[in-house]
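# Just to be clear, the model below is a prediction. Sequence and coordinates:
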Amino acid sequence: RLRKWQERIRTKDAGERNLQFALSEIDRMASALGVPRSVREVASVIYRRALNEDLIRGRSIEGVATSALYAACRQEGIPRSLDEVAEVSRVPQKEIGRTYRYISQELGLELKPVDPKQFVPRFASALELSEEVQAKATEIIDVSAEQGLLSGKSPTGFAAAAIYAASLLCNEKKTQREVADVAQVTEVTIRNRYQEQIEAMGFR
Amino acid sequence: MSGPADSIEIQNVVASTGIGQELDLEALADDLPGADFNPDNFPGLVYRTQDPKAAALIFRSGKIVCTGAKSIDDVHDALGIIFDKLRELQIPVDDDPEITVQNIVSSADLGHNLNLNALAIGLGLEDVEYEPEQFPGLVYRMDKPKVVILLFGSGKIVITGGKQTDDAATAVEEIVERIDALGLLG
DNA sequence: GCTTTAAAAAGTAAAGT
DNA sequence: ACTTTACTTTCTAAAGC
């Protein structure tokens, strides 16, 4: 009797400690990513739901915590790329993506594909670009997406190219390297997306 | 009348079989020229046939997996070559080992560009995986036939998971119908 | 879950010329 | 800037960790 009771307390304590660890990790990563408190709360809710639905079995606590935060950022409309999330996590990017797909499916999050426009304010301010450039980049994304150029393309690369193009059009030029660095894509990707977008805008 | 169904091409067939005889893979690796056997990495011995081009994984139990063939006939031909090679080495092989097709991978072309964002929402987010940051294709799991379809912006698609020859054709017919019903087929 | 094998799709990336 | 190579995703069996 006593042994069973102690075991229950032990598992309860272990579970409690694991939950506290996960929540503190979400907090630490959220701070490193500079996302608001509301996103951390959404991430915590997602993590607790995953815990209640027994989705953590066979997966690492850190992996589920990171994926919950990645999902929360998307749900709140201020997405971080998997690259950015992986930088502040000790879990490899591949596992974060796989775990995200799993919990997203099991919890029925039904998150829409990431909209490249959601990266514009953050990337543009990191590059100290004006509101005018941001508005232009947003327009470029809308017009080129409307013409079907977005299908299959990485949202960060698409946003980076639009910001690069907008910086040229507004006489606030940033180099491809500068934009590539903040968006964490290569110059080659910016060049490729940029060419298509300029053509879609009817410039050239 | 050339439609998407006519563009279907089988790209890979995976099948399993067994010779009904245990094997000494160490000895087989020495006797079979071109055989790759690294038991530390993987328990199967890898043997490749040139014509038809295929790769076989041969296990200690005598069970064999054949992959890479372009048709079901090629699977039978490739395995036939392997059975004969084993017989040449004085290894008893069942007369007519049963060969089971486990997976057929096909490609096809819908002939129109696809708006994958609209398709993800239209087909139902619960049945769709579309993460262009990780992979450019939209993943759609179909129940009947039970296959997985990868759809790309170009309109090219991949059908995998099918076991019947006509699964790909049925799946293409079905996906075209669903996309068309959404008004998303050019 | 992982390990290995094959194949297509298209995007992204890195290395070498 | 160009090409080449390689990695991402889906599927499936096999034996064993």
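Ah, there it is.

# And for stretch B:18-37, what's in contact with it?
B:39, B:45-48, B:58-64, B:83, B:85-86, B:89, B:91-94, B:97-98 (CB atoms under 8 Å, 6 or more residues apart in numbering or on different chains). For glycine as for every other residue, the C-beta is placed from the backbone atoms N, C-alpha and C.

# Cross the residues you listed against strands and list the overlap.
B:45-48, B:58, B:63-64 (DSSP state E).

# Can you say which of those are buried?
Buried subset of these (neighbour count, 16 or more other CB atoms under 10 Å in any protein chain shown): B:45, B:47, B:58, B:63-64.

# which of the residues you listed sit farthest apart?
The most widely separated members of these, counting by CB to CB, are B:47 and B:63 (13.6 Å).

# For residue A:94, grab the count of nearby residues.
11 (other CB atoms under 10 Å in any protein chain shown).

# Could you check how far it is from DNA strand C?
Using CB to the nearest atom of the strand, to the nearest Å, residue A:94 is found at 8 Å from DNA strand C.

# Assign that residue to helix, strand or coil.
helix (DSSP: H, G, I helix; E, B strand; the rest coil).

# contacting residues for residue A:33?
A:69, A:73, A:80, A:84-85, A:88.

# which non-adjacent residue is nearest the spatially most central residue of chain A?
In chain A, the residue lying closest to the centroid (CA atoms, centre = their mean) is residue A:80, at 2.4 Å. Nearest residue to residue A:80, sequence neighbours excluded (CB to CB, 6 or more residues apart in numbering or on different chains): residue A:73, at 4.9 Å.

# now swap in residue A:40 and tell me
Nearest residue to residue A:40, sequence neighbours excluded (CB to CB, 6+ apart): residue A:30, at 4.4 Å.

# Could you pick out the residues of chain B near DNA strand C for me?
Counting by CB under 7 Å from any atom of the strand, chain B comes close to DNA strand C at B:11-12, B:14, B:36, B:41-44, B:46, B:48, B:53, B:55, B:57, B:65, B:67-68, B:103, B:105, B:107, B:132, B:135-137, B:150, B:152-154, B:156, B:158, B:160.

# what stretches of chain A score poorly on pLDDT?
A:1-4, A:7-13 (pLDDT under 70).

# Can you name the residues of it that neighbour DNA strand D?
Counting by CB under 7 Å from any atom of the strand, chain A sits next to DNA strand D at A:94, A:97-98, A:101, A:191.

# ok, 10 Å please
Within chain A, the positions adjacent to DNA strand D are A:92-95, A:97-98, A:101-102, A:176, A:187-188, A:191-192, A:194-195 by CB under 10 Å from any atom of the strand.

# From those, which land in helices?
Counting by DSSP state H, the residues of chain A next to DNA strand D place A:93-95, A:97-98, A:101-102, A:176, A:187-188, A:191-192, A:194-195 in helices.

# Quick one: buried ones out of those residues?
Buried subset of these (neighbour count, 16+ other CB under 10 Å): A:93, A:95, A:97, A:102, A:176, A:187, A:194.

# Grab the two from those that are most spread out in space.
Pairwise distances across those (CB to CB) peak at 35.8 Å, for the pair A:102 and A:176.

# can you map out the helices along chain A?
For chain A, helices defined by DSSP H occupy the ranges A:2-33, A:37-52, A:61-75, A:82-87, A:93-106, A:120-126, A:131-146, A:155-169, A:176-183, A:187-200.

# Go through those helices and pick out the most buried.
Among the helices of chain A, helix A:155-169 has the highest mean neighbour count (mean count of other CB atoms under 10 Å in any protein chain shown), at a mean of 26.

# now it: how far from the chain's centre is it?
Taking CA atoms, centre = their mean, to the nearest Å, the mean C-alpha location of helix A:155-169 is offset from the chain mean by 18 Å.

# Go ahead and confirm the residue nearest to residue A:80 touches residue A:82.
No. Using CB atoms under 8 Å, residue A:73 is not in contact with residue A:82, being 10.7 Å away.

# Surely residue B:98 and residue B:15 touch.
No. Using CB under 8 Å, residue B:98 is not in contact with residue B:15, being 10.2 Å away.

# which of the two has more neighbours?
Neighbours per residue, other CB under 10 Å: of residue B:98 and residue B:15, the larger number sits with residue B:15, 23 against 9.

# Okay, that one and residue B:79: tell me how far apart.
From residue B:15 across to residue B:79, the span is 7 Å (CB to CB, to the nearest Å).

# what sits in contact with each of the two?
Listed as contacting both residue B:15 and residue B:79 by CB under 8 Å, 6+ apart are B:66, B:99.

# picking up where we left off before, can you say which of the helices of chain A is nearest to residue B:125?
Smallest distance to residue B:125 across these (CB to CB): 9.3 Å, for helix A:93-106.

# Quick one: list the elements packing against that closest one.
Here helix A:93-106 touches helix A:37-52, helix A:61-75, helix A:82-87, going by 3 or more CB pairs under 8 Å, 6 or more residues apart in numbering or on different chains; DSSP states H and E.

# Export the longest one to CSV, keeping only CA atoms.
The C-alpha coordinates for helix A:37-52 follow below in CSV (Å, rounded to 0.1, in the frame of the first residue of the first chain):
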residue,chain,number,x,y,z
ARG,A,37,3.6,37.2,-23.3
SER,A,38,0.3,36.3,-25.0
VAL,A,39,2.2,34.0,-27.4
ARG,A,40,3.9,32.2,-24.4
GLU,A,41,0.4,31.7,-22.9
VAL,A,42,-0.9,30.2,-26.1
ALA,A,43,2.1,28.0,-26.3
SER,A,44,1.6,26.8,-22.7
VAL,A,45,-2.0,25.9,-23.5
ILE,A,46,-1.0,24.0,-26.6
TYR,A,47,1.7,22.1,-24.5
ARG,A,48,-0.8,21.3,-21.8
ARG,A,49,-3.3,20.0,-24.4
ALA,A,50,-0.6,17.8,-25.9
LEU,A,51,0.2,16.5,-22.4
ASN,A,52,-3.5,15.8,-21.7
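
# No further questions, thank you.
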